[in-house]
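Chemist: sequence first, predicted model second:
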Amino acid sequence: MTTTMNKQWLLASRPAGKAEAANFRLVETPVPALADGQVLVRHHYLSLDPYMRGRMDDAKSYAQPQRLDAVMGGGTVGEVVASRNERFAVGDKVVGMGGWQQYAVIDADQRGVLNKVDATFIPLSAYLGVVGMPGVTAWYGLTQIIEPKAGETVVVSAASGAVGSVVGQLAKERGCRAVGIAGGAEKCRYVVEVLGFDDCIDYRQHADPKSLSAALKAACPSGIDGNFENVGGTILDAVLQRMNAFGRIALCGMISGYNGQPIPLAQPQLLLVSRLKLQGFIVSEHMELWPEALKELGTLVASGKLKFRESIADGIEAAPEAFLGLLSGKNFGKQLVKLV
């Protein structure tokens with residue numbers, strides 16, 4: 001019997017400032033034999049997400065730092081190719097946190113580490129994006145923190161990305177005006193014409209805070225009631241100037257500070273003056289709401305109402321370069337690596 005070999009990306013070193021390809025190391029190891037209760041999953045897609053950059057640092061954060069010389073963590077979707085667990089059969093399609101590797105041996109008796117998915121009406125890759133963690137992140141921040149009412153204006157940064165694109169579409173479903181902020185004319189056109197946002201501001205055309213604030217004023221004539229924040233920095237500063245009294249801000253990401261530089265707020269007093277609610281959140285801490293979120297997201301995708309776009313890198317070797325591209329905004333939509 002031939003031994004199956006598994007290619008894996010390990011974290012070789014912690015970044016000093018900007019992450020680079022040299023921080024990762026590719027190794028090849030044989031797949032071990034299964035013990036009772038274990039399954040072997042062959043990954044079809046690997047998810048690349050901004051949160052991974054924070055875990056590369058050995059710093060206090062909401063997630064444990066990524067261990068050095070260990071397989072990079074990450075969401076995966078694939079197929080069971082061998083099983084010694086009665087709950088999973090060969091051929092089952094599954095989603096889990098298999099990491100940056102072609103295969104994973106999973107102790108499938110642990111609740112929640114591996115979940116079966118149905119690829120009949122929803123593409124397998126979507127379970128890592130719009131009907132997965134990014135989609136639930138969008139749903140949670142919008143429905144539980146922003147709590148939009150029909151007629152209100154919701155602004156979302158990184159609007160063409162995996163999370164932001166869903167936020168705006170769900171806001172439209174709830175009768176709101178949705179305004180995106182994205183980088184480049186092509187992304188902004190997509191946000192309006194395909195995703196159905198009411199407007200989208202190209203932050204590259206409005207590099208200084210004054211210009212960005214003027215663009216927001218034009219796009220949000222009635223002010224801003226809800227803000228889904230993925231970027232921080234000058235974008236958050238401009239949004240704060242336009243927030244209505246009692247506005248709500250769901251703080252999801254601060255990608256402008258991912259290389260370790262400080263990102264001061266220009267006018268934090270606006271939080272007080274406008275009596276704003278600003279709440280950070282981590283979606284994995286709210287697992288009790290995932291079924292409700294996934295039901296809505298899955299229904300909208302299967303019926304064609306919820307649009308999504310993917311950037312797909314080909315082959316396990318392409319993972320680090322695709323990840324570094326994601327951090328600099330080179331992706332368009334959800335960033336995945338296709339492994340099969």
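Modeler: All right, it came through fine. Numbers count the residues shown, from 1 in each chain.
Chemist: so who does Thr234 touch?
Modeler: 208-209, 212, 256, 266 (CB atoms under 8 Å, 6 or more residues apart in numbering). (Glycine included, C-beta is placed from N, CA and C.)
Chemist: mind telling me what element the closest residue to Leu339 other than its chain neighbours is part of?
Modeler: Sequence neighbours aside, His43 is the residue nearest to Leu339 in space, at 4.9 Å (criterion: CB to CB, 6 or more residues apart in numbering). Using DSSP states H and E, His43 sits within strand 38-47.
Chemist: what packs against that strand?
Modeler: Helices and strands touching strand 38-47, as assessed by 3 or more CB pairs under 8 Å, 6 or more residues apart in numbering; DSSP states H and E, comprise strand 76-83, strand 93-96, strand 103-107, strand 334-338.
Chemist: give me the contacts around the shortest one.
Modeler: Contacts of strand 93-96 with the rest of the structure, by CB under 8 Å, 6+ apart, involve 39, 41, 75-80, 88, 104, 106, 113-119, 124, 127-128, 132.
Chemist: just the buried ones from those?
Modeler: The neighbour count (16 or more other CB atoms under 10 Å) marks 39, 41, 75-80, 88, 104, 106, 114, 117, 124, 127-128, 132 as buried among those.
Chemist: tilt between the one helix or strand Ala322 maps to and strand 38-47?
Modeler: Using DSSP H and E, Ala322 maps to helix 319-327. Relative orientation of helix 319-327 versus strand 38-47 (axes from the mean of the first three to the mean of the last three CA atoms, to 10 degrees): 50 degrees.
Chemist: what is the rounded mean pLDDT of helix 319-327?
Modeler: For helix 319-327, the per-residue pLDDT values average out at 96.
Chemist: now stretch 165-176
Modeler: 98.
Chemist: what's in contact with that stretch?
Modeler: 130, 134-135, 138-139, 141-143, 148-154, 156, 159, 178-180, 191, 195-197, 226, 228, 296-297, 300, 305-309, 333.
Chemist: apply 7 Å and report the result again.
Modeler: Applying CB atoms under 7 Å, 6 or more residues apart in numbering, the external contacts of stretch 165-176 come out as 130, 134-135, 138-139, 141-142, 148, 150-154, 156, 159, 178, 180, 195-197, 228, 306-308, 333.
Chemist: do the same with stretch 208-226
Modeler: 146, 148, 152-155, 179, 199, 201, 203, 206, 234-235, 237-239, 241-244, 247-248, 266.
Chemist: narrow the residues you listed to just the buried residues.
Modeler: Buried, going by 16+ other CB under 10 Å: 146, 148, 152-155, 179, 199, 201, 203, 206, 234-235, 237-239, 241-244, 247-248, out of the contacts of stretch 208-226.
Chemist: quick one: which of those sit in helices?
Modeler: Using DSSP state H, the subset of these located in helices is 234-235, 237-239, 241-242.
Chemist: closest to Pro65 out of those residues?
Modeler: Ile235 (27.1 Å; CB to CB).
Chemist: let me know the pLDDT of that closest one.
Modeler: 95.
Chemist: can you report how many residues neighbour the closest residue to it other than its chain neighbours?
Modeler: Leaving aside its chain neighbours, Ile235 sits nearest to Ser157 (5.1 Å; criterion: CB to CB, 6+ apart). Here the count is done by other CB atoms under 10 Å, and Ser157 has 29 residues near it.
Chemist: check contacts around Ser157.
Modeler: Counted by CB under 7 Å, 6+ apart, Ser157 has contacts 164, 181, 229-231, 235.
Chemist: these in helices, which ones?
Modeler: 164, 235.
Chemist: could I have the buried ones of the contacts of stretch 165-176 as PyMOL selection syntax?
Modeler: Selection of buried members from the contacts of stretch 165-176 for PyMOL, criterion 16+ other CB under 10 Å:
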select buried, resi 130+134+135+138+139+141+142+148+152+153+154+156+159+178+180+195+197+228+306+307+308+333
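Chemist: what stretches of the stretch 151-300 of the chain score poorly on pLDDT?
Modeler: Counting by pLDDT under 70, the stretch 151-300 of the chain shows no low-confidence range.
Chemist: can you rerun that using 80?
Modeler: For the stretch 151-300 of the chain, the stretches flagged by pLDDT under 80 are 258-260.
Chemist: all the strands of it, residue numbers only.
Modeler: Per DSSP state E, counting those that start in this stretch, the stretch 151-300 of the chain carries strands over the ranges 153-157, 177-182, 199-202, 224-229, 243-251, 277-280.
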